[in-house]
Structures are given as structure tokens and as C-alpha cells.
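Q: Quick one: sequence and predicted model below, then my questions.
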Amino acid sequence: MWGWLRRLGRSARAHRGIPDALWQTTLGNYPFLAACSPAELQRLRELSALFLAEKEFHGAQGLAITDAMAVAIAAQACLPVLHFGPGRQPLDWYDDFVGIVVHPDEVLAQREVMDEDGVVHHYDEVLAGEAMQGGPVMLSWQDVAAASSESGYNVVIHEFVHKLDLRDGQPDGCPPLGAGFLGAASARQAREHWLTTLQASFEDFHEQVIKAERFGAPPPWLDPYGAEAIDEFFAVTSEAYFVNRPQFARDFTALVPLFDAFYRPGA
Ligand SMILES: [Zn+2]
């Protein structure tokens with residue numbers, strides 16, 4: 001149950017910070033966090049406390065949210081925005097929502113699509129998480145706990161990167177970028193450069209997935225789900241960038257300067 005989080009008011013949570021034992025447990029459970037420098041870890045801890053003061057967690061289907069669960073989600077959600085300015089400034093990127101809904105397990109969502117003849121088809125989609133513009137983030141705890149550096153899988157980073165992508169309205173695989181991004185003369189040029197680079201990597205990855213599925217070629221390292229659409233590719237490759245940089249750099253060499261410039265501006 002909520003212990004530390006429930007006892008303290010919002011501002012006290014941000015002010016006193018995350019208790020040491022709780023923080024050490026989080027670092028132990030998510031070893032990729034240990035790849036951060038001591039200064040980055042200190043900043044991550046501080047930013048995670050601010051995140052916990054601003055966001056509200058809801059357990060679905062009777063799931064009780066523990067302090068450890070909330071801190072684990074906060075730390076991973078803050079990792080992509082860690083270098084986005086001082087104080088609470090990075091959290092501006094997440095200010096379109098307050099709620100984080102955690103389900104014990106994957107969620108079956110009923111979907112419908114209309115085909116070109118106007119016929120509506122119904123189908124079920126299994127979700128490990130979901131992010132929509134202006135809406136809460138949904139996560140399956142079983143999937144949060146299954147985060148793995150080896151497979152590059154991390155559902156928290158995945159969903160929060162969708163939030164970064166959606167910041168300018170469109171789930172198009174391109175977050176808002178300013179003029180000056182990798183020397184771009186304008187925001188538009190920055191966007192063009194981002195999309196051209198990402199699209200080329202996406203097409204390569206898509207081809208690898210097809211070759212593996214149809215012709216028995218070795219499967220790519222990352223989740224083939226990344227081949228579904230360019231916004232999913234951005235989210236899936238970002239997971240890998242944060243949890244297993246060496247393997248990411250081997251598989252997606254062209255994305256390294258792009259992601260470094262976005263996630264580590266000024267570094
Ligand atoms: Zn996704």
C-alpha cells in the first residue's frame with residue numbers, strides 16, 4: 001500500500017525527496033539506471049520526487065500501488081526528459097495529464113476500424129500500455145516488471161516517449177524540435193532531418209522483420225512491434241537507447257547522433 005507517498009502531502013514529497021532505501025531498491029530492480037553517472041542519478045532522484053508530487057497513480061482491478069511501484073514508474077518516466085532543463089522544467093513535457101493507471105496485467109482493448117468499403121471490423125488488441133494526447137498513461141504492471149536491458153524492452157519508457165511524440169499533436173515519430181537541432185536553420189528543417197533519418201532506419205528494420213517472418217532470416221534484436229508504424233519505431237528504439245546503449249548503437253548506428261541530440265541537448 002501507499003506508505004511514504006500516502007503519509008506525505010504533495011509538496012512534502014517533492015521537498016523531502018525519495019527515501020534512500022526506496023531509491024536503492026529501484027536502482028537494484030532496474031539495473032540500466034546504474035549506467036547513469038552519479039550526477040545524473042542524483043538529478044533523476046530529484047526529478048522523480050517532483051514527478052511523484054505532480055502525478056496521481058490509480059491501481060485498476062484492485063491493484064494496490066506500493067511506494068516501490070510508484071518510484072519505479074517515476075524514475076523510468078523521468079529518464080527520457082532528464083536533460084530537458086533545470087528544476088521541474090522537464091515535466092512540462094508531461095503536463096497534458098495527471099493520472100497514471102496501472103493494471104495488474106495486460107489489457108484487452110476492443111477496437112474497431114472501418115475499411116475502404118465502409119464496413120466496420122471489430123477486433124481485440126492486447127495492450128501492455130497506452131498513451132494518448134491529453135489522457136492518462138496506462139501501464140500493465142506485469143510488463144513494467146518485465147523490463148529487460150537484454151531484450152531492450154521497457155514499457156514505461158515506451159509510453160512516455162509516445163507522450164513526447166504527441167506533444168505537437170501528431171503520433172508521427174517526431175517530437176517537437178527547435179531551430180538549431182543538429183545545426184538546422186529552422187524547426188521545419190530539424191523535423192525534416194529527423195524524419196528522413198528515422199524513416200531510413202525504420203525501413204531497414206521493417207525489411208529485417210519481413211525477412212525473418214517470411215524467409216526464416218535471423219530475427220532483429222528489437223521487438224518486431226517496432227515495424228508496425230514509425231511512431232512505434234521511435235518508441236521501441238528509444239527504449240533500447242536508454243536500457244542498452246551498446247546494442248542500440250550497433251543496430252541503429254544512424255540514430256545515435258539523432259537521439260543524443262534530442263535526449264542529451266548540450267551534452
Ligand atoms: Zn506504442
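A: Now that the structure is in, tell me what you want to look at.
Q: Please pick out the residue of this structure most distant from its centre.
A: Relative to the centre of the chain, and counting by CA atoms, centre = their mean, the farthest-placed residue is Asp117 at 36.0 Å.
Q: Kindly confirm my reading that that residue forms part of a helix.
A: No. With DSSP: H, G, I helix; E, B strand; the rest coil as the criterion, Asp117 is located in coil rather than a helix.
Q: in terms of contact, does Ala131 touch Arg167 like I think?
A: No. With contacts counted by CB atoms under 8 Å, Ala131 stays clear of Arg167, the gap being 11.1 Å. (Each C-beta comes from the backbone N, C-alpha and C, glycine too.)
Q: between those two, which one's more packed in?
A: Ala131 (21 against 17; other CB atoms under 10 Å).
Q: ok now do the more buried one, which residues does it touch?
A: Shown in contact with Ala131 (CB atoms under 8 Å, 6 or more residues apart in numbering): Val137, Met138, Glu159, Phe160, His162, Lys163, Leu166.
Q: Touching, Ser151 and Asp223? I think so.
A: Yes. Counting by CB under 8 Å, Ser151 does reach Asp223; the two are 7.5 Å apart.
Q: more crowded one of those two?
A: Asp223 (20 against 16).
Q: near the ion, which residues of this structure?
A: Within reach of the ion by CB under 5 Å from the ion, the chain has these residues: Glu232, Ala235.
Q: Give me the domain ranges for the chain.
A: Per automatic domain parsing, the structural domains of the chain span 1-166, 168-267.
Q: So what's the residue count around the nearest residue to Asp96 once chain neighbours are set aside?
A: Using CB to CB, 6 or more residues apart in numbering and skipping residues adjacent in sequence, the residue nearest Asp96 is Gly134, 5.0 Å away. Neighbours of Gly134 under the rule other CB under 10 Å: 7.
Q: re earlier: could you redo the domains of the chain as JSON lines and give each row mean pLDDT?
A: Shown next, in JSON lines, are the domains of the chain (pLDDT from 0 to 100):
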{"stretch": "domain 1-166", "mean pLDDT": "91"}
{"stretch": "domain 168-267", "mean pLDDT": "96"}
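Q: Tell me the secondary structure of the residue nearest to Asp96, please.
A: Gly134 ends up coil, using three-state DSSP.
Q: isn't Glu159 right up against Pro136?
A: No. If you go by CB under 8 Å, Glu159 and Pro136 don't touch, sitting 10.3 Å apart.
Q: Name the residues that touch the helix or strand encompassing Ala53?
A: Following DSSP states H and E, the helix or strand that holds Ala53 is helix 38-54. For helix 38-54, the external contacting residues (CB under 8 Å, 6+ apart) are 5, 10-11, 13-14, 16-18, 23, 27, 33, 36, 70-71, 74-75, 77-79, 81-82, 88, 90-91, 94, 98.
Q: Could you give the separation of the helix or strand just after that helix from the chain centroid?
A: Under the assignment DSSP H and E, the closest C-terminal helix or strand after helix 38-54 is strand 56-59. Relative to its parent chain, strand 56-59 has a centroid offset of 18 Å by CA atoms, centre = their mean, to the nearest Å.
Q: which helices and strands does the next helix or strand after strand 56-59 pack with?
A: For strand 56-59, the succeeding helix or strand toward the C-terminus, using DSSP H and E, is helix 67-78. Packing partners of helix 67-78 (3 or more CB pairs under 8 Å, 6 or more residues apart in numbering; DSSP states H and E): helix 4-7, helix 20-29, helix 38-54, strand 56-59, strand 99-103, helix 141-145, helix 155-166.
Q: Deepest-packed of the ones you listed, please.
A: With neighbours defined as mean count of other CB atoms under 10 Å, those peak in mean count at helix 155-166, which reaches a mean of 24.
Q: wait, the residue nearest to Asp96 sits on Phe97?
A: Yes. With contact defined as CB under 8 Å, Gly134 counts as touching Phe97 (6.5 Å).
Q: Right, I'll call it a day here.
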